[in-house]
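Novice: Show me how the following folds:
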Amino acid sequence: MAYEPRIASALSGATRSQLDYWRREELLVPEVSATRPLLYSFRDLIALRTFVYLRESRPLQTIRKAMNSLRDIGETEHLSKYRFVTQGRRGIALVQSSGEGAVELVERPGHQLTVLALGDVLRSFPLDSIEVPNLAHPRPKLSVNPAVRRGYPVVAGTRVGYDLVAGLVRDGVSPAEIKEYYPGVSAEAARDAVSFADYVDRAAGRTAA
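Specialist: Numbers count the residues shown, from 1 in each chain. Next up is the predicted model:
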């Protein structure tokens, strides 16, 4: 699935200005299309959520140093392949594939650490004035699955895009009547679709640095 910046922003928590800046600085360049139209992959979403998660407690220059150290130690896979943990007051560490240790990337690059805790960047988390949704289930009755419509947000158990349902409700169709258009979509799922559409609109209007 290719995600346009508006949806990538909503599902990752990154603002549109952050997406643009991180792309220009080559911290995270969309792998589907880095020129207009800009298109992000599902792997990019996971990497973006990691950046947003780290950005809450670390300045951008620290994250940039960690990414440079990652390349210096020979790790050149897509960023979604890696798991990170914050250490101490300023550190960022790469969790080893075994999950039993980590390598410091900022304060003492290459130094081995013991992993005490790891935030799950796929779950929901608060950010400024919004709640970045769980990536797999941005709403209880919605799902994001790379195997279903290449990861576009749909009503769970169907292939119906959230935006189609939300559009009908916004046009005056009641949630209870949605099943007349899409039999597999319950009233509760229709309300979730509208809730997520409203969230996408709010997220798109954020201008945080």
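Novice: Grab the nearest non-local neighbour of R170.
Specialist: Spatial nearest neighbour of R170, chain neighbours left out: V194 (7.0 Å); criterion: Cβ to Cβ, 6 or more residues apart in numbering. Every C-beta, even on glycine, is put in place using the N, C-alpha and C of the backbone.
Novice: residue contacts, the closest residue to Y181 other than its chain neighbours?
Specialist: Closest residue to Y181 apart from its sequence neighbours, by Cβ to Cβ, 6+ apart: L168 at 6.2 Å. By Cβ atoms under 8 Å, 6 or more residues apart in numbering, the residues touching L168 are 178, 181, 190.
Novice: can you list those in TSV and add pLDDT, neighbour count and distance to D72?
Specialist: Listed next are the contacts of L168 as TSV, based on pLDDT from 0 to 100; neighbours: other Cβ atoms under 10 Å; distance: Cβ to Cβ, whole Å:
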residue	pLDDT	neighbour count	distance to D72
I178	97	25	53
Y181	96	13	54
A190	98	26	50
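Novice: Out of these, which sit inside helices?
Specialist: A190 (DSSP state H).
Novice: Of the contacts of L168, which is the nearest to S143?
Specialist: A190 (14.8 Å; Cβ to Cβ).
Novice: how close does A189 sit to S124?
Specialist: Note on A189: its distance to S124, by Cβ to Cβ, to the nearest Å, is 18 Å.
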